[in-house]
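Undergrad: no sequence on this one, just coordinates:
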């Protein structure tokens with residue numbers, strides 16, 4: 001019996017480890033369709049399904065659409081793939097917000113595409129809603145040719161994958177929305193606020209619009225008749241560009257220009273020839289687009305990518321150990337590294353108390369309480385709600401229960417992120433900084449994703465240790481027994 005228990009624990013640990021890897025792969029992409037395709041494949045890999053399908057709810061039409069599938073595909077395009085809430089297997093799951101297991105879909109009245117299932121030889125189905133908070137945004141179905149293929153353990157595993165999937169879907173959606181918003185904003189700026197100026201053949205400014213005034217700080221009166229090198233960082237650029245412009249070529253390039261206050265600004269410049277009625281080149285019309293936001297966005301994007309790389313690396317690091325205390329220590333150090341903060345703590349729920357199990361930094365010296373009631377303060381709020389609790393300035397929050405420690409350590413901003421096993425919260429990751437610091441939404445998303453991976457690593461370590469204890473117990477029983485005991489293959 002103990003051997004069976006140990007084998008079951010080992011199998012569960014292996015599946016959780018696989019879940020961790022698949023969750024990372026799902027989260028690495030920001031293209032929505034590619035994310036959905038990877039979720040479908042990950043579901044099949046994790047539950048060894050013969051066919052998987054991913055559905056998303058269209059809020060505008062209140063209909064549920066098949067968005068991705070993996071495995072048996074024959075006839076899937078021609079069969080019914082759009083459902084109303086309450087209609088069919090997926091509609092029932094989305095409407096009820098409940099998981100579903102069906103042992104024989106070919107005879108089950110909730111399964112609509114019976115003929116397709118019969119041709120594919122599919123029998124069992126497991127379904128899990130995709131939940132964004134308490135709102136259902138879709139569902140995952142996994143199908144098997146085996147009868148009675150899925151258990152509650154499979155549903156729990158599918159639920160953990162669904163949590164990763166929702167985060168990845170929302171990240172991809174936000175990414176697409178951000179791109180659309182950015183493109184719309186840029187079009188508005190391009191049509192209305194670009195700096196436009198006209199320069200004659202002697203490089204004297206003869207026109208200067210309000211956009212140029214706003215960008216460079218010079219009024220029209222200050223620059224009319226002045227040489228264009230007033231705003232140059234380098235003076236020799238126009239000397240070798242005029243030939244191209246005289247030939248009717250528009251020139252587009254990025255460079256730096258200098259404002260009235262001496263600061264430099266990155267700009268995209270488009271130069272076009274201005275000709276008179278005799279088709280003679282008489283001036284340059286130039287449009288200057290301020291690239292400050294674009295360059296900052298590129299920098300933020302690079303930072304985001306670097307943080308994702310760091311997240312992947314840190315997740316691999318904390319998942320490499322099967323020693324619970326070592327994993328907890330890795331989590332505290334990794335969270336500090338991920339957010340570039342001086343102090344983190346990891347608390348684990350023990351009965352009604354949260355016990356300090358690992359920390360990074362020396363903000364609270366001598367050490368604060370090593371345990372406290374789980375219902376107290378900001379950590380208690382995160383534990384109760386299952387959601388992060390972020391306090392930008394603890395001095396203004398009733399949830400911060402230790403004002404003396406705040407003054408002593410100059411604690412400004414605080415973040416408590418729940419550590420979950422499925423829906424159950426079993427611990428808290430605390431992040432604190434000196435002074436007030438705003439945690440960006442990108443940072444909050446990163447640390448939530450990290451906490452999800454950290455929770456899996458903790459559970460893996462716990463399961464491993466439980467397995468080792470069971471194995472040691474089994475060995476002690478066998479070794480200490482006076483009877484002859486042998487194991488045969």
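TA: Nice, thanks for sending it over. Here the structure is a predicted model, which means the values were calculated and not measured.

Undergrad: In the stretch 1-150 of the chain, where is pLDDT below threshold?
TA: 1-25, 27, 73-78 (pLDDT under 70).

Undergrad: can you rerun that using 50?
TA: Across the stretch 1-150 of the chain, nothing is flagged by pLDDT under 50.

Undergrad: One more: the stretch 151-300 of the chain?
TA: In the stretch 151-300 of the chain, residues with pLDDT under 50: 185-186, 188-190, 236, 238-240.

Undergrad: again, 90 this time
TA: 151-203, 206-213, 220, 227-256, 258, 262, 264, 269-287, 289, 292-300 (pLDDT under 90).

Undergrad: ok, the closest residue to residue 92 other than its chain neighbours - contacts?
TA: Once flanking residues are discounted, residue 92 sits nearest to residue 110: 5.5 Å by Cβ to Cβ, 6 or more residues apart in numbering. (Glycine included, C-beta is placed from N, CA and C.) For residue 110, the contacting residues are 88, 89, 92, 102, by Cβ atoms under 8 Å, 6 or more residues apart in numbering.

Undergrad: Which of these fall within helices?
TA: Secondary structure assignment by DSSP state H places 88, 89, 92 of the contacts of residue 110 in helices.

Undergrad: Now render these as TSV, adding distance to residue 72 and neighbour count.
TA: Shown next, in TSV, are those (distance: Cβ to Cβ, whole Å; neighbours: other Cβ atoms under 10 Å):
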residue	distance to residue 72	neighbour count
88	18	17
89	16	24
92	22	18
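
Undergrad: Looking at these, which is nearest residue 121?
TA: Among these, residue 89 lies closest to residue 121 (Cβ to Cβ), at 17.3 Å.

Undergrad: For the residue nearest to residue 51 when sequence neighbours are not counted, grab the count of nearby residues.
TA: In space, and not counting its chain neighbours, residue 51 is closest to residue 71: 3.7 Å by Cβ to Cβ, 6+ apart. The local packing of residue 71 (other Cβ atoms under 10 Å) involves 19 other residues.

Undergrad: Residue 71 reaches residue 47, doesn't it?
TA: No: between residue 71 and residue 47 there is no contact under Cβ atoms under 8 Å: 11.0 Å.

Undergrad: Need the three-state assignment for the residue nearest to residue 92.
TA: Assigned with DSSP: H, G, I helix; E, B strand; the rest coil, residue 110 falls in the coil class.

Undergrad: I'd like the distance between it and residue 204.
TA: The spacing between residue 110 and residue 204, counted by Cβ to Cβ, to the nearest Å, is 79 Å.

Undergrad: Residue 370 too?
TA: On the measure of Cβ to Cβ, residue 370 and residue 204 end up 74 Å apart.

Undergrad: try residue 300
TA: The value you get for residue 300 to residue 204, if Cβ to Cβ is used, is 39 Å.

Undergrad: Tell me which of those two has more neighbours.
TA: Higher neighbour count among residue 300 and residue 204: residue 204, with 15 against 12, using other Cβ under 10 Å.

Undergrad: Provide the backbone phi and psi angles at the nearest residue in space to that one that is not next to it in sequence.
TA: Of all residues beyond its chain neighbours, the one nearest residue 204 is residue 225 (5.7 Å), with distances taken as Cβ to Cβ, 6+ apart. With angles defined as degrees, to the nearest 10, residue 225 sits at phi 90, psi -10.

Undergrad: ok, residue 225 to residue 122 distance?
TA: From residue 225 to residue 122 the distance is 80 Å (Cβ to Cβ).

Undergrad: Settle it for me: which of the two has more neighbours?
TA: The neighbour count for residue 225 versus residue 122, taken as other Cβ under 10 Å, is higher for residue 122 (24 against 10).

Undergrad: List the residues that contact that one.
TA: Residue 122 neighbours (Cβ under 8 Å, 6+ apart): 50, 51, 72, 105, 106, 143, 144, 145.

Undergrad: Now do the contacts for the second one.
TA: Right, residue 51. Taking Cβ under 8 Å, 6+ apart as the test, what residue 51 contacts is 44, 69, 70, 71, 72, 73, 120, 122, 142, 143.

Undergrad: Tell me which of those residues fall in helices.
TA: Using DSSP H, the contacts of residue 51 in helices are 44, 120.

Undergrad: can I get the contacts of residue 51 in TSV with distance to residue 469?
TA: Conversion of the contacts of residue 51 to TSV gives the following (distance: Cβ to Cβ, whole Å):
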residue	distance to residue 469
44	34
69	42
70	38
71	39
72	42
73	46
120	44
122	40
142	33
143	37
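
Undergrad: now, which of the contacts of residue 51 lie within strands?
TA: Residues of the contacts of residue 51 located in strands (DSSP state E): 69, 70, 71, 142, 143.

Undergrad: Residue 61: which of these is nearest?
TA: residue 69 (20.5 Å).

Undergrad: thought the closest one was touching residue 50?
TA: No: using Cβ under 8 Å, residue 69 is not in contact with residue 50; the gap is 11.5 Å.

Undergrad: can you give me the strands in the stretch 151-300 of the chain?
TA: Listed in chain order, the strands of the stretch 151-300 of the chain (DSSP state E, counting those that start in this stretch) span 195-200, 205-208, 251-258, 264-275, 281-290.

Undergrad: With respect to residue 419, which of the ones you listed lies nearest?
TA: strand 264-275 (42.7 Å).

Undergrad: distance between the closest one and the chain's centre?
TA: Its chain's C-alpha centre and that of strand 264-275 lie 38 Å apart, by Cα atoms, centre = their mean, to the nearest Å.

Undergrad: Which pLDDT value goes with residue 450?
TA: Listed pLDDT for residue 450 reads 85.

Undergrad: For whatever helix or strand it lives in, which helices and strands make contact with it?
TA: Assigned by DSSP states H and E, residue 450 falls within helix 441-480. Judged by 3 or more Cβ pairs under 8 Å, 6 or more residues apart in numbering; DSSP states H and E, the packing partners of helix 441-480 are helix 2-27, helix 152-192, helix 292-319, helix 324-339, strand 411-421, strand 424-434.

Undergrad: count of neighbours near residue 35?
TA: By other Cβ under 10 Å, neighbour count at residue 35 equals 26.

Undergrad: Is it in contact with residue 166, as I believe?
TA: No: between residue 35 and residue 166 there is no contact under Cβ under 8 Å: 10.6 Å.

Undergrad: number of nearby residues for residue 115?
TA: 11.

Undergrad: now residue 46
TA: With other Cβ under 10 Å as criterion, residue 46 counts 21.

Undergrad: For residue 443, see how far away it is.
TA: Applying Cβ to Cβ to residue 46 and residue 443 gives a distance of 29 Å.

Undergrad: Residue 155 too?
TA: Residue 155 is 32 Å from residue 443, by Cβ to Cβ.

Undergrad: OK, contacts around residue 154?
TA: If you count contacts by Cβ under 8 Å, 6+ apart, residue 154 has them with 47, 126, 142.

Undergrad: let's go with 7 Å and repeat that
TA: By Cβ atoms under 7 Å, 6 or more residues apart in numbering, the contact list for residue 154 reads 47, 126.

Undergrad: any idea how far residue 142 is from it?
TA: Using Cβ to Cβ, residue 154 is found at 8 Å from residue 142.

Undergrad: Find the residues that touch each one of the two.
TA: 47, 126.

Undergrad: hang on, the earlier thing: possible to save the ones in helices among the contacts of residue 110 as JSON lines with distance to residue 354?
TA: Shown next, in JSON lines, are the ones in helices among the contacts of residue 110 (distance: Cβ to Cβ, whole Å):
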{"residue": "88", "distance to residue 354": "44"}
{"residue": "89", "distance to residue 354": "41"}
{"residue": "92", "distance to residue 354": "39"}
